[in-house]
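Novice: Here is a sequence with its predicted model. Questions after.
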Amino acid sequence: MSSPLFAPTTYHERRAELKSKLAGGQILLLGNEESSMNYGDNHYPFRQDSTFRYFFGLNQPGLAGLIDVDKDEVILFGNDLSMDDIVWTGPQPRMADLAASVGVEKVLPTSAIGKSLGGQVHYLPPYRERNILKLAEWLGKSAFDIQEGNSLDLIHAVISLRAYKSDEEIEQLHDAVSITSLMHQEAMKMARPGMVEREIVAHLNEVALSKGAGVSFPPIVTINGQTLHNHYYGNTMQSGRLLLCDSGAENLYGYSGDMTRTYPVDPAFSQKQKEVYQIVLDALKSSAEMSKPGVTYQQVHLNAARVIISGLKEIGLMSGDVDEAVAQGAHALFFPHGLGHSMGMDVHDMEDFGENHVGYDDVTPRSTQLGLSALRFGKALEERLVLTNEPGIYFIPELYEQWKSEKKLASFINYDKLAGYMDFGGIRIENDYVITGEGAQLLGEPAPMEIADVEALRNV
């Protein structure tokens, strides 16, 4: 159980700034409880709510924080452990000491939460059922009303603070991404024909846990890379296939990394694999070069789509005018997801508030076009924002058959030649960046991604 990352004054200042952004009422921030696997006392690894940890710094279960805007008061709610608890957990800090470590003077037991609430209570969208039920009890509402009654003012206020990373946070993100890079390099050395995907997953988890808090999300490790979120790990890696590995580490203080590498199960890429891989790599490099303050991330995504279409034209899978193909969404057959997403204490930072609140605004509304509609972040880039860039090319048999049967965008897609790629899988390459005044700065220690460097590591 880690201590707070920052000095008490940092959390005090964050809470004061949050309070200044709301006109009145009470701000209730809920920490998470333990979550049971198969009976009450057998828990999944504990994961604190990121917003509670951002403002209150504590990583223990069963806590809540109240920031009363009208009374200019902050209360930390939680219970000291009984002797029965201590027998199982060992001695733990008392609530008064925990509160002092994050600059809070007033502590009350959790039983006092309900009677401490009154008037306008601002809360964030709850994503755990237990917190929904707590809010329903305290506020005298139904669970449905709780889901609908979160505070838009609080959502925007929290995003306006958490989205822009401080120097200290960027340092933590460098750490998390460096652990992530190590995970990928170890997996790259290890993968061989005849191994089962879960053997790679086990090693990724081992590296992440040995260096930090564990993985930042369930790893995607698959020879069927055409399935975007493939969490099945039972395939045997075979010669001639590609292995797509999308995984990340969470460091000790709750900051996340997220990286993808795709490499051959064999020691080297085939010529066909090289051709497609290089297109994706070119799209990644172009995206990083274009990611600068003032440029909308939607423009960066569309630029990546143009690079992908241009590359696919060169190898004969697409034809026609590149800009027109992008405008009509022809690239979505190969690139059906968004280019990247925000990242921070959550691997998809603050998306529990709603993607549109985090990634879009009135100037840049979300598109409804296939592929572009999946872009989680589209608005203008600013300094201190942290995002991933993760272009990909996928050959999805089911989507191919549907588009081919409909003759969809047939003037741009060479369906006959494309039929020979339906056993290819998919390629995605992903890095993490912080936006600076000069552009996109790579976070963490780099992991090999040039073809020659990947093959060199594959042959270690």
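Specialist: That came in fine, so what should we check first? Residues are numbered from 1 along each chain as shown.

Novice: tell me which element residue 427 is part of?
Specialist: Following DSSP states H and E, one finds residue 427 within strand 426-428.

Novice: C-terminal to that strand, what's the next element?
Specialist: strand 431-435.

Novice: could you say what helices and strands the next helix-or-strand element following that next one packs with?
Specialist: Next along the chain after strand 431-435, taking DSSP H and E as the criterion, comes strand 440-442. Contact here means 3 or more Cβ pairs under 8 Å, 6 or more residues apart in numbering; DSSP states H and E; on that basis strand 440-442 packs against helix 271-290, strand 431-435. Heads up, the C-betas are built off the backbone N, CA and C, glycines and all.

Novice: Outside of strand 440-442 itself, which residues are in contact with it?
Specialist: 288, 289, 291, 292, 389, 431, 432, 433, 434, 435 (Cβ atoms under 8 Å, 6 or more residues apart in numbering).

Novice: Return a PyMOL selection command for the buried portion of these.
Specialist: Selection of buried members from these for PyMOL, criterion 16 or more other Cβ atoms under 10 Å:
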select buried, resi 288+291+292+389+431+432+433+434+435
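
Novice: Closest one to residue 352 out of the contacts of strand 440-442, please.
Specialist: Using Cβ to Cβ, residue 432 comes nearest to residue 352 of the contacts of strand 440-442, at 19.7 Å.

Novice: so what's residue 418 closest to, chain neighbours aside?
Specialist: Excluding its sequence neighbours, the residue lying closest to residue 418 (Cβ to Cβ, 6 or more residues apart in numbering) is residue 317, at 5.4 Å.

Novice: swap in residue 214?
Specialist: Nearest to residue 214 is residue 208, by Cβ to Cβ, 6+ apart, at 5.2 Å.

Novice: Can I take it that the one you found is in a helix?
Specialist: Yes - counting by DSSP: H, G, I helix; E, B strand; the rest coil, residue 208 is found in a helix.

Novice: these two touch, right, it and residue 179?
Specialist: Yes - look at residue 208 against residue 179 with Cβ atoms under 8 Å: they come within range, at 6.4 Å.

Novice: of the contacts of strand 440-442, closest to residue 307?
Specialist: Residue 307 lies nearest to residue 289 out of the contacts of strand 440-442, by Cβ to Cβ, at 10.8 Å.

Novice: which secondary element of this structure has the worst mean pLDDT?
Specialist: helix 83-89 (a mean of 85; mean pLDDT, DSSP states H and E).

Novice: Remind me what that helix packs against, helices and strands.
Specialist: So helix 83-89, by 3+ Cβ pairs under 8 Å, 6+ apart, packs with no helix or strand.

Novice: that older thread, identify the contacts common to residue 208 and residue 179.
Specialist: Taking Cβ under 8 Å, 6+ apart as the criterion, residue 208 and residue 179 both touch residue 249.
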